[in-house]
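Colleague: take a look and give me a structure for this.
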Amino acid sequence: MRIKILGGRYKFLIKLELYDKDFSFEILSLYTAKNQRSAITNLNFIIAELIFPVIETTDIDTTIFLNKTSGIKLFQESILAFKNKYWINLLEEKLDEDRNYGGWNSNFEI
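Modeller: Residues are numbered from 1 along each chain as shown. Take a look at the predicted model:
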C-alpha cells in the first residue's frame, strides 16, 4: 500500500509493503524547492507522534519491519495524521531543521 500526500513545502510517500513474512513501513519526503529527498521514518517527531503510540518502541531505523496487524494500524494512523494541516505544518518545521543538518540526498521517486 502506498499513499502520496502533498504538504506545503514537501511531498510525502507513506509505504507499507509485504516483505518476506512481515511488512515494511517507511515514510519518504521530498523538499520540492530544492528536490532534496530523505526517508523520515526515524525523525524524532515521527517516532513520538506516530510510531511510539502504535508499536511502543523508539528503536527505529528508516524502515520498520512489522507484523500485518501492526503495519496496517501504523499505516492508517499515519494517513490520519498527514491529513491534519496543523500536524503537517509542525512536521514541515521539523523537516526544515533536519535539512539544515544535511543528509537529504536520497534517490527515490515520490
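Colleague: near Y31, how many other residues are there?
Modeller: Y31: 19 surrounding residues under other Cβ atoms under 10 Å. Placement of C-beta: from N, CA and C, glycine included.
Colleague: nearest spatial neighbour of it, chain-adjacent residues omitted?
Modeller: Y10 (5.7 Å; Cβ to Cβ, 6 or more residues apart in numbering).
Colleague: can you read off the pLDDT for the one you found?
Modeller: Note for Y10: predicted pLDDT of 98.
Colleague: what of L50?
Modeller: 92.
Colleague: helix, strand or coil for it?
Modeller: helix (DSSP: H, G, I helix; E, B strand; the rest coil).
Colleague: can you report how many residues neighbour it?
Modeller: 23.
Colleague: verify the stated contact: the residue nearest to Y31 with I27.
Modeller: No: Y10 is not in contact with I27 according to Cβ atoms under 8 Å; the separation is 10.9 Å.
Colleague: quick revisit: tell me who's in contact with the residue nearest to Y31.
Modeller: Shown in contact with Y10 (Cβ atoms under 8 Å, 6 or more residues apart in numbering): 29-32, 92, 95.
Colleague: weed out the non-buried ones from those.
Modeller: The neighbour count (16 or more other Cβ atoms under 10 Å) marks 29-31, 92, 95 as buried among the contacts of Y10.
Colleague: name the nearest of those relative to K15.
Modeller: K15 has its nearest neighbour among the buried ones among the contacts of Y10 in S29, at 12.0 Å by Cβ to Cβ.
Colleague: and the closest one, what pLDDT?
Modeller: Value listed for S29 in the pLDDT field: 97.
Colleague: excluding its backbone neighbours, what's nearest it?
Modeller: I40 is the one closest to S29 (Cβ to Cβ, 6+ apart), at 4.7 Å.
Colleague: what is the burial count for that neighbour?
Modeller: I40 has 21 nearby residues by other Cβ under 10 Å.
Colleague: contacting residues for it?
Modeller: Going by Cβ under 8 Å, 6+ apart, I40 touches 27-29, 46, 95, 98.
Colleague: rerun at 10 Å
Modeller: 10, 12, 26-29, 46, 62, 91, 94-95, 98, 104, 106 (Cβ atoms under 10 Å, 6 or more residues apart in numbering).
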